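In: Mind folding the following:
(one chain, ligands or ions: 2)
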Amino acid sequence: MAGECILCGKCMEVCPLLRATGREELGPRAKADLCRVLVEDPDLLSEARVEKLAGLCLGCGRCRAVCSQGVDVPMLVAGLRQAHPDFKKWLWKTWLVRARELWSPGSTAARLIPKQFHTERFGPMLKMLSGLKGGPGLTPFLKIASFPDTVRGENMLLFAGCTATYVQSRWLMTALKLLDGLGVDVLPGEFKCCGSGLQSAGFADVSRSMAEHNVAVWRNAGKPRVVTVCASCKAGLEGYIACFASDEEQAEWGNSLLPLSEIIFDTECVISTPIHERLGYHHPCHATGVDRAGLFLHYALNGIIEMATDRECCGFGGVMRLGAADLTEPVNAACWDTLAGASVVVTGCSACIGQLKATAPHGVRVGHWLELIE
Ligand code: SF4
Ligand code: SF4
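Out: Ligands and ions are numbered 1, 2, ... in the order given. You can find the predicted model right below:
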């Protein structure tokens, strides 16, 4: 795939890592070129150098979305990571695979660690961990006045994602109440993690076993539509390949994925309490195409979202956060520059929420847009 790169540079215009650091060698074109060279001559670079380069990608997917040649740079980087495993990746894998056991106690433990141990190096990660778990969340002020009948009576599965399932039960409850209001019958089905974080970190085998499990849950339920509440989860589910009986089934799966923001788009909302906050919206990198969550909020809030990101990535970066946090910082700073002045920031991606909560300026609160709904 790397060999198909024509070095046009289109991807360079959208890479948040390149924009924030100004370092061309961190951009997608350089990565595609590096992968091509390594296929031709695997001994060209030392193991340590390849391992380092493999860590330097946020996995945001913005380059993939604009490439006319179908070059998937995050996938190429995932391949490099798979071929050059290290401890940080193992740590990341354990954290993702054992979400059920680790996330809730890990978040509680991080809250108990005194502030003096939040060093420059570990402070942001501890803050992110402590912000993972419930807490009071944002104050809701958006009331659904009436639901449309567009999906009434339909059977659907809910893919809530690890964060809503294990640590943010409020998102899960609000999503279920919205589906109930829409008249959707939510079918039972125990999904596992979408596997996208593992895929991106280079654990293709573990990711694939999760994909196979999730596709089996969907098949057993009769292939209904699958509602998602997290942009990164949806992108991960969309990326499933090689676990389908045919191309038609793969297309069926892709077509079944449905963001909750899309089906509540036509609900009538009222603002139940006067808002004294300045609201910001963060557009997640993985919300490709029309960002229905952003649009829903724009109309539901009658245009009172005052600032919104568009090209800016939150700078989370998964495994890159563990290995090269210093390079993610300018990406994150550019995101907050765009949101400057907001006192509440909402978004529709659990990874972005974790990162933005951990890095929010003093007094700024961050949450899922679901938290705004009463
Ligand atoms: S990866 Fe795609 S968009 Fe980027 S330089 Fe190569 S062909 Fe152009
Ligand atoms: S996935 Fe994002 S950070 Fe990585 S090269 Fe592409 S645009 Fe840049």
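
In: Near ligand 2, which residues of this structure are found?
Out: Residues of the chain found near ligand 2 (C-beta under 6 Å from any ligand atom) are 14-15, 17, 28, 31, 57-63, 73-74. For glycine as for every other residue, the C-beta is placed from the backbone atoms N, C-alpha and C.

In: what stretches of the chain score poorly on pLDDT?
Out: Across the chain, the ranges flagged by pLDDT under 70 are 1-3, 44-48, 87-92, 95, 97, 102-103, 105-136.

In: Could you spell out which stretches of it belong to which domain?
Out: Annotated domains of the chain cover 2-83, 268-372 [automatic domain parsing].

In: now the ones you listed in a markdown table, with distance to residue 202 and mean neighbour count?
Out: Formatted as a markdown table, those follow (distance: least, C-beta to C-beta, whole Å; neighbours: other C-beta atoms under 10 Å):
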| stretch | distance to residue 202 | mean neighbour count |
| --- | --- | --- |
| domain 2-83 | 3 | 18 |
| domain 268-372 | 8 | 20 |
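
In: Tell me which of the ones you listed lies nearest to ligand 1.
Out: For the domains of the chain, the distance to ligand 1 is smallest for domain 2-83, at 3.3 Å, taking C-beta to the nearest ligand atom.

In: Any idea how far that closest one is from the middle of the chain?
Out: Centroid displacement of domain 2-83 relative to its chain, using C-alpha atoms, centre = their mean, to the nearest Å, is 20 Å.

In: same deal with stretch 225-235?
Out: 9 Å.

In: what about the closest residue to ligand 2 within the stretch 101-250 of the chain, which helix or strand?
Out: Going by C-beta to the nearest ligand atom, ligand 2 is nearest to residue 200 of the stretch 101-250 of the chain, at 8.8 Å. For residue 200, the host element (DSSP states H and E) is helix 196-201.

In: Can you name the element that comes right after that helix?
Out: Later in the chain than helix 196-201, the nearest helix or strand by DSSP H and E is helix 204-220.

In: Does the residue nearest the centre of the chain belong to a helix, a strand or coil?
Out: For the chain, residue 232 is the residue whose C-alpha lies nearest the centre (C-alpha atoms, centre = their mean; 2.9 Å). Judged by DSSP: H, G, I helix; E, B strand; the rest coil, the three-state class of residue 232 is helix.

In: residue contacts, it?
Out: 194, 196-197, 284, 286, 349-352 (C-beta atoms under 8 Å, 6 or more residues apart in numbering).

In: Can you tell me what sits against stretch 282-301?
Out: Applying C-beta under 8 Å, 6+ apart, the external contacts of stretch 282-301 come out as 16, 58, 60-62, 65, 142, 231-232, 234-235, 259, 261-262, 264-265, 267, 269, 271, 279, 281, 305, 308-310, 312-314, 335, 339, 345-349, 351-352, 356, 369, 372.

In: ok, now with 7 Å
Out: Residues outside stretch 282-301 that contact it (C-beta atoms under 7 Å, 6 or more residues apart in numbering) are 60-62, 65, 142, 231-232, 235, 259, 261-262, 264-265, 269, 279, 281, 305, 308-310, 313-314, 335, 339, 345-349, 352, 356, 369.

In: cool, and stretch 212-231?
Out: Counting by C-beta under 7 Å, 6+ apart, 155-161, 163-164, 171, 175, 179, 187, 189-192, 234, 237, 240, 243-244, 252-253, 256-260, 284, 286-287, 348-350, 370 sit against stretch 212-231.

In: near ligand 1, which residues of the stretch 51-200 of the chain?
Out: 67, 69, 71, 73.
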